[in-house]
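**Student:** here is a sequence with its predicted model. Questions after.
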Amino acid sequence: MSFQLLSCSLAVAASMLIGVSTVSSVDMTNTLKPYTIVAFGTSLTARAAWPDDLGRALATCDGRPVVVTKIARSGETTRWGLTQIDTIAAARPDVVLIELYANDAALNRFISVRQSRVNIASILTDLRARLPSARLAVMAMSPQLGLKSYIRPFVDDFIDAHFEEARKRSVEHIDFRTDWKTVPSQRLQEVILDGAHPDPGFASQLMAPRLTAFFQTCNPSHP
């Protein structure tokens, strides 16, 4: 698979996108059952290009129809996430990719690490019960800069709590923090202009190798 696909086919996500949206990378002549992915999270998913680019890349390299559904809303927390289980289950996904820590970590949201842990634990337990054959993964995303960082002084504690709850339930985790640390400081400022939301194309390219590794070199199993 060429990772250039992820950069050459970028479609900048609408800056105010919220709620549920679905992008299909489906060849209508292909009779294989579509591989279904739910991207579940905050504005780091709702405003991002990586879910759609991932779907197109997997469809191209695996030769199988792929449907990616975003169940994501800007500014939301694990409290909102608790209300979305039915919506996710209704999509009958093969994979659910989850990022719900970033706004929990903001001091002005008044959610403690302990409460965030309880919430993500409930979300993961419910998803596993409703989707026993689905593959679940909790993700750590791009860094916050400037003021966005100052109001999230304990963000790593929230990530650690979410990862710990994932491990307790044999749920996988994908940590993009290491990838973002390779980006020079000046370049980081350029691609995360508002301190929170990275340039969609840049983020999609940076995330591609780790996402591809998660999908076993672009060869998802065929249930």
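**Tutor:** Sure, I can see it. Residues are numbered from 1 along each chain as shown.
**Student:** am I right that Ile71 sits in a strand?
**Tutor:** Yes. Counting by DSSP: H, G, I helix; E, B strand; the rest coil, Ile71 is found in a strand.
**Student:** check whether Trp180 really touches Gln144, as I assumed.
**Tutor:** No. Under the criterion of CB atoms under 8 Å, Trp180 is not in contact with Gln144, lying 10.7 Å apart. For every residue, glycine as well, the C-beta is placed using N, CA and C.
**Student:** could you pull out the helices for the protein?
**Tutor:** For the chain, helices defined by DSSP state H occupy the ranges 4-8, 43-46, 50-62, 78-81, 85-90, 113-130, 146-150, 155-168, 177-180, 185-191, 200-214.
**Student:** which one is Leu44 nearest to, not counting chain neighbours?
**Tutor:** On the basis of CB to CB, 6 or more residues apart in numbering, the spatially nearest residue to Leu44 that is not a chain neighbour turns out to be Met141, at 4.7 Å.
**Student:** how close does that neighbour get to Glu99?
**Tutor:** For Met141, the distance to Glu99 (CB to CB, to the nearest Å) stands at 5 Å.
**Student:** kindly report the same for Ala72.
**Tutor:** As judged by CB to CB, Ala72 and Glu99 stand 9 Å apart.
**Student:** now do the shared contacts for these two.
**Tutor:** 40-42, 45 (CB atoms under 8 Å, 6 or more residues apart in numbering).
**Student:** now, which of the residues you listed sits nearest Ala90?
**Tutor:** Nearest to Ala90 among the shared contacts of Ala72 and Glu99: Phe40, at 12.8 Å, using CB to CB.
**Student:** give the contact list for Asp199.
**Tutor:** Contacts of Asp199 by CB under 8 Å, 6+ apart are 191-193.
**Student:** revised request: answer the last question for Asn119.
**Tutor:** 77-79, 81-82, 100, 104, 111.
**Student:** pLDDT score for it?
**Tutor:** Asn119 is assigned a predicted lDDT (pLDDT) of 98.
**Student:** the closest residue in space to His197 that isn't next to it in sequence and Pro198: what is the separation?
**Tutor:** Distances taken as CB to CB, 6+ apart put Arg47 closest to His197, at 5.7 Å, once the chain neighbours are dropped. Between Arg47 and Pro198 the computed distance is 10 Å (CB to CB).
**Student:** Ala137 now?
**Tutor:** Distance from Ala137 to Pro198, by CB to CB: 19 Å.
**Student:** try Leu147
**Tutor:** For Leu147, the distance to Pro198 - CB to CB - is 16 Å.
**Student:** neighbour-wise, which of the two wins?
**Tutor:** Legend: neighbour count by other CB atoms under 10 Å for Leu147 and Pro198, higher for Pro198 (26 against 11).
**Student:** pretty sure the more buried one is touching Leu145, no?
**Tutor:** No. Between Pro198 and Leu145 there is no contact under CB under 8 Å: 9.9 Å.
**Student:** quick one: which of the contacts of Asp199 is nearest Asp156?
**Tutor:** Ile192 (17.2 Å).
**Student:** for Gln84, grab the count of nearby residues.
**Tutor:** Gln84 has 20 neighbours, counted by other CB under 10 Å.
**Student:** what of the one 4 residues further on?
**Tutor:** Ile88: 23 surrounding residues under other CB under 10 Å.
**Student:** now do Ala59, the pLDDT please.
**Tutor:** 89.
**Student:** ok, Ala39 next?
**Tutor:** 98.
**Student:** list the beta-bridge partners for the closest residue to Thr87 other than its chain neighbours.
**Tutor:** Of all residues not flanking Thr87 in the chain, Ile71 sits nearest, at 5.7 Å (CB to CB, 6+ apart). Assessed by DSSP bridges, Ile71 has beta-bridge partners Val20, Phe40.
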